[in-house]
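*Asks:* Give the three-dimensional model of this entry:
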Amino acid sequence: MRHILSISLAALLLAVAPLAAQSDEKDRNPATPEVNTQSWTGTLADADCKAKDAAQPCAVTAATRSYGLVTDAGQFAKFDAQGNSMVASEIKGKEGLVKVKVTGKVNKDTIQVERIELEQ
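*Replies:* Residues are numbered from 1 along each chain as shown. Just a heads-up that it's a prediction; the model follows:
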């Protein structure tokens with residue numbers, strides 16, 4: 001009985017091994033390319049306002065806590081939490097249509113902000 005169990009277990013392991021190898025192969029070679037750091041220029045926007053009405057310009061105010069970028073091409077992406085903190089300290093006291101250059105990585109519809117610079 002013990003011998004039959006050993007053979008059955010060995011057969012099961014041999015059957016599962018190719019599936020595990022395929023899974024590892026997919027993990028090493030994902031179908032989507034790696035996200036690289038990029039830079040964009042555009043205007044800061046109040047992300048909460050944009051979520052309510054994407055057609056509005058949503059200029060930043062002293063009350064803005066969640067930011068995003070409307071690119072020069074008209075596309076909008078919100079910032080991650082770190083980006084929100086960086087923007088708040090960078091634009092302290094500025095309101096309205098604030099032009100910036102943002103450097104970071106895109107994750108779905110969010111920019112993971114690494115650097116933000118006010119444009120002159």
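
*Asks:* residues near Y67, how many?
*Replies:* For Y67, the count of nearby residues is 28 (other CB atoms under 10 Å). C-beta coordinates here come from the backbone N, C-alpha and C atoms, glycine included.

*Asks:* Please report the separation between the first and final residues of stretch 73-89.
*Replies:* 26 Å (CA to CA, to the nearest Å).

*Asks:* ok, which stretches of this protein are helices?
*Replies:* Counting by DSSP state H, residue ranges of the helices within the chain are 2-28, 47-52, 81-90.

*Asks:* Tell me how far the second one lies from the chain's centre.
*Replies:* Shown here is helix 47-52, whose average C-alpha point lies 17 Å from the average C-alpha point of the whole chain (CA atoms, centre = their mean, to the nearest Å).

*Asks:* remind me which residues of the protein are low pLDDT?
*Replies:* 1-35 (pLDDT under 70).

*Asks:* List the contacts of G68.
*Replies:* L44, A45, D46, A47, K50, F76, A77, K78, F79, I111 (CB atoms under 8 Å, 6 or more residues apart in numbering).

*Asks:* Dig out what it forms beta bridges with.
*Replies:* Applying DSSP bridges to G68 yields these beta-bridge partners: A45, K78.

*Asks:* coming back round to it: reformat the contacts of G68 as a markdown table; add neighbour count and distance to V70.
*Replies:* Listed next are these as a markdown table, based on neighbours: other CB atoms under 10 Å; distance: CB to CB, whole Å:
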| residue | neighbour count | distance to V70 |
| --- | --- | --- |
| L44 | 27 | 8 |
| A45 | 26 | 5 |
| D46 | 20 | 11 |
| A47 | 23 | 10 |
| K50 | 20 | 8 |
| F76 | 17 | 5 |
| A77 | 22 | 9 |
| K78 | 19 | 11 |
| F79 | 24 | 12 |
| I111 | 22 | 12 |
